[in-house]
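Q: task: produce atomic coordinates for the following.
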Amino acid sequence: MIYLDTMTKEKRNKKILTLISIIASVSVYIGAVLVYLYANGWRIDPFNQQVIKTGVLTVESDPFLASLFIEGESRGRTPRSTSLHVGEYNISVRRDGYLEWQKRVEIKEEKSTNVYPWLIRERIEKQNLSTIEGRKYLQSWESENSDRILILTSKLNEETTLFDFELWLYIVNTTFWDLSSNPKVVLSFQSAQEPTIDLLSSPAGVYWLLKYTQDSISTSYLLDTSKSTTLENLVVLNTSPFDSYEISWARNNQYLMFESDQDLISFSIDRQNRYLLIKKTADNQYIWNTDEQGYFYILESALENETERVYAYVLTQQEMDGSNPKVLVSDLFFQKNKDYLTRYIEDTTPFRFTAFTNSTASTRSVGKVEHIRVNQSAQGIYIQTSVASYWYNMKTKRYHMITPFKSEFVSFAPDNSKLIYKDENEYSIFTFLKEESNPNVEIGAKRIDNLSLSNGKILGWLSNSSYIYFVEDNRLYIADKDGDNKTLILSSVDTNLHLGMTSSRDYLFTISILVNPVDGQEIISIDRYLVH
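A: Numbers count the residues shown, from 1 in each chain. Just a heads-up that it's a prediction; the model follows:
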């Protein structure tokens, strides 16, 4: 009897232990599932007895330690990450001395939405950096990126009865260790009368092609603005054989490009050697460009592959002297039939910017190529056709439709993840590289709101690649890349010869002509405004 009771107890204990083991295993499993669901944005609402999907909002303001408000409720200081139910929210960021930043932000399920408020000061005060006085302003030029500005002035020398001409250089973004004067005279010469001066800047603005004409005699010089010199000491460039050619600079700043209906020639400013890159033939299309790394690109028709359905091209890369040619892309095919563009315009699905490949049998690219721009830093090619534009990813060898309309390239962002283009209707930004830290960013085009194409012009990007500055109705504004938080910075820009933004602390600089009220003499004034 005692033995049976013992057996019964042991069986009962085993059942209890088994049950506890099962409950523990189920609890661990349920716990793991709950942790997984929580990590992926699921939340339980005990009051409404429902499961809610959430996402994450991360706000990183510049400057930081600003106050964050979501739907008017304080959520602490930036930088800040917070979990929110899926939906749209009014976000605002405030800090003493700065204008309030506001934006309508969509929170998506299982996604992290990152926003980067860039705050603008409430009071934007003008600070004079330098003046050029006692000289007459004649003309001025600026480099492609507006970083270097040249100003030509003159003054009558009463002793020699000749005019003293000075070419001043103002560098917008000086290095921290550069203690030289700014602006400074980089060229000086004398003349009895005012000559005709033409200047063509290299992309970086260090080198300039200077054409000096007096008494119908023209001489071309290479002007190096990194040092001060006189006209007599400049390097003379023998460009007279190219007087009828169209002249431009290669993007690596080391070659001049001379193009005519017959040929394309590169000219090394260092060696002063000429290299024939293209010998043209009648009725043939020549699309070419250069890049910052010192390569020349030519897009040629692949006549053996071209059919009645498509335009076929081969893109070749070579050195600037024409050496080491290699085929970069051999399968560029574009439809001649424009019907596909109509289908694309009508498509409103999220998949309209899906990457694609092409071939002679099947392609979603359309039009005759008119312009290319190779960006090695972005590992891609901007391709503009007669009816649309595309982004070609050299790494994946896939295309993205940028826009199904005739468009024009404006500029790449400093971070080389997006570009600005304009078509007949608007300015837009096309993102071709996703931010790894922000999975909510998608590849595709988005219109810049609050900017009129008819009376507005984008001047450039701010250094953070998230904001732009532009002129509209003769006023200078700053806005984020979506067009939100549009802020007036300068109420009138027609009084300025030059203006732009620096890359350090994002100052606005202006160069203008003032008149001294005492003697009526001109004053060239260089000023800046601390915007951020």
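
Q: not counting sequence-adjacent ones, nearest residue to the residue nearest the centre of the chain?
A: What sits nearest the mean C-alpha location of the chain, by Cα atoms, centre = their mean, is Ala413, with 1.9 Å. Counting by Cβ to Cβ, 6 or more residues apart in numbering, Ala413 lies nearest to Ser465, which is 4.2 Å off, once chain neighbours are set aside. From N, CA and C alone the C-beta is placed, and that goes for glycine too.

Q: how would you label that neighbour: helix, strand or coil?
A: When classified by DSSP: H, G, I helix; E, B strand; the rest coil, Ser465 comes out as coil.

Q: distance of it from His85?
A: 30 Å (Cβ to Cβ, to the nearest Å).

Q: just Ser359 next, same as before
A: 46 Å.

Q: tell me which of these two has more neighbours.
A: Under the criterion of other Cβ atoms under 10 Å, the comparison of Ser359 against His85 puts His85 first, with 14 against 10.

Q: still on that earlier bit, need the contact list for the residue nearest to the centre of the chain.
A: Ala413 makes contact with 419-420, 461, 465, according to Cβ atoms under 8 Å, 6 or more residues apart in numbering.

Q: how about Val314?
A: 299-300, 302, 327, 329-330, 332 are the contacts of Val314 under Cβ under 8 Å, 6+ apart.

Q: how about a cut-off of 7 Å?
A: Contact analysis of Val314 by Cβ atoms under 7 Å, 6 or more residues apart in numbering lists 300, 302, 327, 330.

Q: how many other residues sit next to the last one?
A: Put plainly, it is Ser330. Neighbour count of Ser330, defined by other Cβ under 10 Å: 12.

Q: spatially, what comes nearest to it if we skip its sequence neighbours?
A: Val314 (5.3 Å).

Q: beta-bridge partners for that neighbour, please?
A: Here Val314 sits in beta bridges with Glu300, going by DSSP bridges.

Q: start the count at 27 instead of 1 going forward.
A: Noted, 27 is the first residue going forward, which turns the last one into Val340.

Q: circling back to that earlier point, switch the contacts of Ala439 over to CSV; also include distance to Ile133 and pLDDT.
A: As requested, those are exported to CSV (distance: Cβ to Cβ, whole Å; pLDDT from 0 to 100):
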residue, distance to Ile133, pLDDT
Leu445, 27, 96
Ile446, 27, 96
Trp487, 27, 94
Ser491, 23, 91
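
Q: check the gap between the nearest residue to Pro105 once chain neighbours are set aside and Val355 for me.
A: Spatially, and ignoring its direct neighbours in sequence, Pro105 is nearest to Glu86 (4.5 Å; Cβ to Cβ, 6+ apart). Separation of Glu86 from Val355 (Cβ to Cβ) stands at 38 Å.

Q: neighbour count for the two, which is higher?
A: Under the criterion of other Cβ under 10 Å, the comparison of Glu86 against Val355 puts Val355 first, with 18 against 14.

Q: leaving out sequence neighbours, find the closest residue to the more buried one.
A: Leu341 (4.2 Å).

Q: over to Arg174?
A: Gly231 (3.3 Å).

Q: gap between that neighbour and Thr265?
A: On the measure of Cβ to Cβ, Gly231 and Thr265 end up 20 Å apart.

Q: between these two, tell me which one has more neighbours.
A: Legend: neighbour count by other Cβ under 10 Å for Gly231 and Thr265, higher for Gly231 (22 against 18).

Q: just the pLDDT at that one, thanks.
A: Listed pLDDT for Gly231 reads 95.

Q: secondary structure class for it?
A: Assigned state for Gly231: coil (three-state reduction, three-state DSSP).

Q: what sits against it?
A: Gly231 touches 169, 171, 173-174, counting by Cβ under 7 Å, 6+ apart.

Q: repeat that for Ile177.
A: Contacts here follow Cβ under 7 Å, 6+ apart; on that basis Ile177 touches 163, 166, 194, 196, 550.

Q: could you check how many residues crowd around the third one?
A: So the one you mean is Trp194. 23.

Q: partner strands of the host helix or strand of it and their direction?
A: Here Trp194, judged by DSSP states H and E, is contained in strand 188-197. Strand 188-197 has its sheet partners listed here by DSSP bridges as strand 174-183 (antiparallel), strand 210-217 (antiparallel).

Q: which among the ones you listed is found nearest to His397?
A: strand 174-183 (25.8 Å; Cβ to Cβ).

Q: okay, now the domains of this protein?
A: 28-65, 76-141, 318-556 (automatic domain parsing).

Q: show residues contacting the helix or strand containing Ser244.
A: Ser244 belongs to strand 243-250 when assigned by DSSP H and E. The contact list for strand 243-250, computed with Cβ under 7 Å, 6+ apart, reads 213, 232-238, 260-263, 265, 295.

Q: again, 10 Å this time
A: 176, 193, 195, 212-213, 221-222, 224-228, 232-239, 255, 257, 259-266, 268-269, 273, 282, 295-296, 298 (Cβ atoms under 10 Å, 6 or more residues apart in numbering).

Q: report the strands that pair with it, each with its relative direction.
A: Strand pairing for strand 243-250, using DSSP bridges, gives strand 233-240 (antiparallel), strand 261-263 (antiparallel).

Q: mean pLDDT per helix and strand in this protein: which one sits at the bottom?
A: strand 68-71 (a mean of 52; mean pLDDT, DSSP states H and E).

Q: quick check: buried residues in the very next helix or strand once past it?
A: Reading on from strand 68-71 to the C-terminus, the next helix or strand found by DSSP H and E is strand 76-85. Within strand 76-85, the residues that qualify as buried are 79-85, counting by 16 or more other Cβ atoms under 10 Å.

Q: cool, and stretch 165-185?
A: Buried residues in stretch 165-185, defined by neighbour count with 16+ other Cβ under 10 Å: 166-169, 171-180.

Q: swap in stretch 452-460?
A: Neighbour-count burial for stretch 452-460 flags 452-459 (criterion: 16+ other Cβ under 10 Å).

Q: stretch 189-201 too?
A: Buried-residue list, stretch 189-201, by 16+ other Cβ under 10 Å: 189, 191-199.

Q: alright, that wraps it up for me.
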